[in-house]
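*Asks:* When you get a sec, could you give me coordinates for this:
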Amino acid sequence: MDNFELREIFSDDIVSELSQIGFDEGYKHIAADKFRYKNIKIYNLTCEQANIIKQTALTVGADCATNREVIRGKIEKSNAILGASAAQIKKIAEKLNHQPFGLKNLGKNLTDFLVSKERKTKLVGILNITPDSFSDGGKYFEPVEAKKHIIELIQDGADIVDIGAESTKPFSEAVSSEEQIKRLKPILDFIQKENIKTPISIDTRSAEVADFSLNNGAGIINDVSGFDFDKNLAKIVAKYGAGVIIQHSKGTPDIMQLSPQYENVVEEVYFSLKDKIEFAKSLGIKDIVADIGIGFGKTRENNFELLNRIEEFYSLNVPIMAGVSRKSFLGIKNNDSELQDGLTLAVSYPLVQKNIDYLRVHNVKLHKYMLKNLLN
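*Replies:* Okay, the predicted model is just below:
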């Protein structure tokens, strides 16, 4: 009896795998779509739409799961999960172009969904000018130390420097706008005086602080509340034509870690960010980054699920950022920064393999080394 050797392939580079078995070189790029399988969730379909999509999928050898009551028309709306190869999705999209009930638009959506966007991870270096940071405990609170660290972060390879004058660690209290501006002024003055070209982001929830910062050399606002804390902040960003990082957060820092609960954490974070992105775009804001908000109103299990499924957030069609650096979900109870940075790197590595757009980190040098030497 013959024994057969089987091995499941997880490589994204299916073209290379086809070449290795001697497949037709002239056809391999076209054939590769048959081996790229996707599961796409489609929301709020009518029974008519869901039935047509399912039947269309079946005609090309794919499938579409719907609510069991769809076939009998006993449900008003149903979500669906379309499972198909990229080649099959293209055929489904073409067929939907000739279907009623607005499914022509879905056909276009599916075609757009297949367009791969080139992503390359960039590093956002963290500078906390607070006396009570969870990670560096006021190490850069004094302006002279903060200025040195800005230069160090840039020399180490930071693509953006993110400066925060208010700690937003769990159970922390809000810092007044006046105090934040007082802390930021000498640093922003230094940045302008030294003509620093690296983009500067200001980590603040305050419209007043954002206004001051954008008027004094900053170009990006990183709002960990995602516009929830100060409703005027988005208008300030729009006023200056600045960039914005919209982070998901469930509750304010003083209460966010008091038993956070989700029915489906990925879906809830996704749609919260989607709504806020659409709001930002409605104000004319164009340069938008979405941050999944690790540690902001989430359990340890929530955090890892979000990170493991980070690619699902690429459907938001804006750059995606994650801040895992030295956070408590890593399980370190002391301030051993060397151990914290090592574990941060371990969590960052799979995110970079998945081509996340931005990593917000304390140790830029270590992460830059990884990007240059372990992934190229």
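
*Asks:* Can you give me the neighbour number for the nearest residue to residue 340 once chain neighbours are set aside?
*Replies:* The spatially closest residue to residue 340, leaving aside those adjacent along the chain, is residue 326, at 4.2 Å (CB to CB, 6 or more residues apart in numbering). Where you see a C-beta, it was placed from the backbone N, CA and C, and this is true even at glycine. By the measure other CB atoms under 10 Å, the count of residues near residue 326 is 23.

*Asks:* How about residue 286?
*Replies:* Per other CB under 10 Å, the neighbour tally for residue 286 reads 11.

*Asks:* Could you shift the numbering so residue one becomes 42, and keep it that way?
*Replies:* Yes, from this point I'll number from 42; that puts the last item at residue 327.

*Asks:* Looks to me like it is in a helix.
*Replies:* No. Judged by DSSP: H, G, I helix; E, B strand; the rest coil, residue 327 forms no part of a helix; its state is coil.

*Asks:* ok, it to residue 287 distance?
*Replies:* Distance of residue 327 to residue 287, given as CB to CB, to the nearest Å: 13 Å.

*Asks:* returning to what we had before: the residue nearest to residue 381 contacts residue 386, correct?
*Replies:* No. The pair formed by residue 367 and residue 386 falls short of the contact definition of CB atoms under 8 Å, at 11.0 Å.

*Asks:* For this structure, give me the ranges with low pLDDT.
*Replies:* Regions of the chain meeting the criterion pLDDT under 70 cover residues 42, 173-179, 295-297, 375-376, 417.

*Asks:* tell me the helices in it, going along the chain?
*Replies:* Secondary structure of the chain (DSSP state H): helices located at 55-61, 69-72, 88-100, 127-137, 144-154, 184-197, 218-234, 248-255, 274-281, 306-323, 341-349, 378-394, 405-414.

*Asks:* out of those helices, which comes closest to residue 333?
*Replies:* Each of these has some distance to residue 333 by CB to CB; the shortest is helix 341-349, at 5.0 Å.

*Asks:* buried residues in that closest one?
*Replies:* Using 16 or more other CB atoms under 10 Å as the burial criterion, the residues of helix 341-349 that qualify are 343, 344, 346, 347, 348.

*Asks:* what sits against the first one?
*Replies:* Neighbouring residues of residue 343 by CB atoms under 8 Å, 6 or more residues apart in numbering: 301, 303, 306.
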